[in-house]
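Asks: I need the structure of the sequence given here:
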Amino acid sequence: MSNSLHMGVFMKYKERRVSSAAGQLYSWLTAAVVTAVCLLILLTVFIMGKEVLSLDFLTKEPNPSVMDTENTGGISTPIVGTVLLTLIGIAIAFPISLATAIYMTFYRKNGLAAQGLSLAIDVLSGVPTIVIALFSLAIFTNPAFTFLSTPVQNDGGIIEKAYGRSFLVAGLAMAIMILPFVVKAMSEALRAVPRAYMDGSMALGADKWRTICKIALPASTRGIVTGIILGMGRIMGDTAIVWLALGGTLRMTGEQPWFSPDNWLSTLRNTGSTLTSYIYYTSPAGEGNNLSVAFGAALVLILIIILLNAATALLGRAGKNEEEGK
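Replies: Numbers count the residues shown, from 1 in each chain. Sure thing, here's the model as predicted:
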């Protein structure tokens, strides 16, 4: 009887060891596959795109009329367009996301309104970007939104509708797209603030709003910034909204020169391009057939996104070291 008991225990122990080893092997294999795929993509983009990288490629404007390698121009305006669109989208999304995160973390009560807000955020995070782009076209072509783009007039000079494509329109659409992701990141950062900080502040006589502003927000700054950086990365990588809401022009339209301070508003109300739309335009999927140029722009875009992710990692590490130091 004793031998049978010992044998049963041994078999169960052996099964657990085998199961643990199989689980570890599966985890290592999946991690290796993901890493290999990532490295393969990066290596392919680097090999295919490095030959066109040069100072001229980065500083010259693209030439939309010629698609051969020698005369295709550069990516200066797509880079500027990427930066402009990212800044507009983040500037719109940041205050709304932060206010929503504060409400969800500190003021929300259980009820239909709270459940409706959570459901809206979850649904919005799953809406395809092409749907958001179509929504922006349907809304911002209304004559009431002419100030965001340019008017479309009939032969009599009467404004029938707005053009509905510009940096401002695309920036609003991008803000809608990243809103749920930034809200969730900021909410997690605010929830991570130790409750003792909040209780101590209110015990000293500070009201709830002052405690949030003076204690919770400074303590969660790194998490909030991380959410902003992740939102910026999503804007830079989108194509559908850029193509439909910003337009398919490779160069800046509006009053020229577009970089003159007197023409900045005109530039924002008109169409342009980003690195993603430039990649589409120059690749076989679009109107061009210049893979090396498309891969060169893709390499620049990936480098920018890598720098953003590196900044996120550094912020997280700095926050962890500060907590350990305390």
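Asks: how is this structure partitioned into domains?
Replies: Per automatic domain parsing, the domain ranges recorded for the chain read 1-52, 54-325.
Asks: would you mind finding the most buried of these?
Replies: Mean neighbours per residue, mean count of other CB atoms under 10 Å, is largest over the domains of the chain for domain 54-325, with a mean of 18. In short, each C-beta sits where N, CA and C put it, glycine included.
Asks: format the domains of the chain as a markdown table; extra columns: mean pLDDT.
Replies: Below are the domains of the chain laid out as a markdown table (pLDDT from 0 to 100):
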| stretch | mean pLDDT |
| --- | --- |
| domain 1-52 | 77 |
| domain 54-325 | 84 |
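Asks: so where do the helices sit in the stretch 151-300 of the chain?
Replies: Listed in chain order, the helices of the stretch 151-300 of the chain (DSSP state H, counting those that start in this stretch) span residues 167-191, 195-203, 208-211, 217-219, 221-237, 240-241, 264-268, 275-282, 291-325.
Asks: for residue 251, give me its contacts.
Replies: Shown in contact with residue 251 (CB atoms under 8 Å, 6 or more residues apart in numbering): 61-62, 64, 77, 272-273.
Asks: swap the cut-off to 10 Å and go again
Replies: 61-64, 73, 76-78, 81, 258, 271-273 (CB atoms under 10 Å, 6 or more residues apart in numbering).
Asks: do the same with residue 79
Replies: By CB under 10 Å, 6+ apart, the contact list for residue 79 reads 58-59, 273-275, 278, 297, 300-301, 304.
Asks: repeat that for residue 92.
Replies: By CB under 10 Å, 6+ apart, the contact list for residue 92 reads 168, 171-176, 178-179.
Asks: do residue 174 as well
Replies: Residues in contact with residue 174 (CB under 10 Å, 6+ apart) are 85-86, 88-90, 92-93, 129, 132-133, 136, 231-232, 234-236, 238, 241-242, 245-246.
Asks: if we use 7 Å, what do you get?
Replies: Shown in contact with residue 174 (CB atoms under 7 Å, 6 or more residues apart in numbering): 85, 89, 235, 238, 241.
Asks: I am finished for the moment; much appreciated.
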